[in-house]
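Enquirer: Return a 3D structure for these sequence lines:
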Amino acid sequence: MEPGAKAKFEGTWQHGDKKVAIKLSLIIFEEDGNTVVYCPALDLSGYGQNEAEATESFKVVTSEYILYATNKNTFLDDLKTHGWILPKHQRQTVIPPDISTLLTTNSEFNRIFNHFPFRKIDQEFAIPA
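Expert: Numbering: from 1, shown residues only. From the prediction side, this is the model:
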């Protein structure tokens, strides 16, 4: 995959009657000998010895996060806390914060952006329930 490509995490998560469609920007970088897949819009990471392991780890972390937050009925509140724009109608799409906002509000993303070489990729995922 080419450096500078737009990174997206896309898929659908479903658990029982709860279903979450996902489309997120991701950043991939190396830190302390590990590959990291990081989502600044959710402040979630997956780690591994290579990109495939880090991607699989990220899928697990994201699935567990969504399961926990939906079971506790805190998912939308958590997205709002992370700067997401919530829809007025239930069927509308939530909108993640833009990169410039994340650079000022997310210190981990700011650290990565300013101190690590990173790349973005386009990749689609389906998170298993």
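Enquirer: those strands in the chain, which residues are they?
Expert: 8-15, 18-24, 27-31, 34-39, 44-48, 118-119, 122-124 (DSSP state E).
Enquirer: Can you name the residues bridging to the one residue sitting closest to the centre of the chain?
Expert: Relative to the mean C-alpha position of the chain, the nearest C-alpha, by CA atoms, centre = their mean, is the one of residue 39, at 3.4 Å. Bridge pairing for residue 39 (DSSP bridges) gives the partners residue 44.
Enquirer: heads up, I number from 493, so please use that
Expert: New numbering, starting at 493: the last item is residue 531.
Enquirer: how close does it sit to residue 581?
Expert: Here residue 531 is placed at a distance of 25 Å from residue 581 (CB to CB, to the nearest Å). The C-beta positions use only the backbone N, C-alpha and C, and glycine is treated the same way.
Enquirer: for the protein, longest helix please?
Expert: helix 543-563 (DSSP state H).
Enquirer: Distance from that helix to the middle of the chain?
Expert: For helix 543-563, the gap between its own C-alpha mean and the chain's C-alpha mean amounts to 9 Å (CA atoms, centre = their mean, to the nearest Å).
Enquirer: can you check stretch 598-614 too?
Expert: Centre-to-centre, stretch 598-614 and its host chain are 13 Å apart (CA atoms, centre = their mean).
Enquirer: okay but residue 551 is in contact with residue 538, surely?
Expert: Yes: shown here, residue 551 and residue 538 form a contact pair, counting by CB atoms under 8 Å, at 7.1 Å.
Enquirer: Settle it for me: which of the two has more neighbours?
Expert: Neighbours per residue, other CB atoms under 10 Å: of residue 551 and residue 538, the larger number sits with residue 538, 22 against 19.
Enquirer: from memory the more buried one sits against residue 529, does it?
Expert: Yes: taking contacts as CB under 8 Å, residue 538 lies within contact range of residue 529: 4.6 Å.
Enquirer: Can you check which residues contact both of those two?
Expert: 546-547, 549-550 (CB atoms under 8 Å, 6 or more residues apart in numbering).
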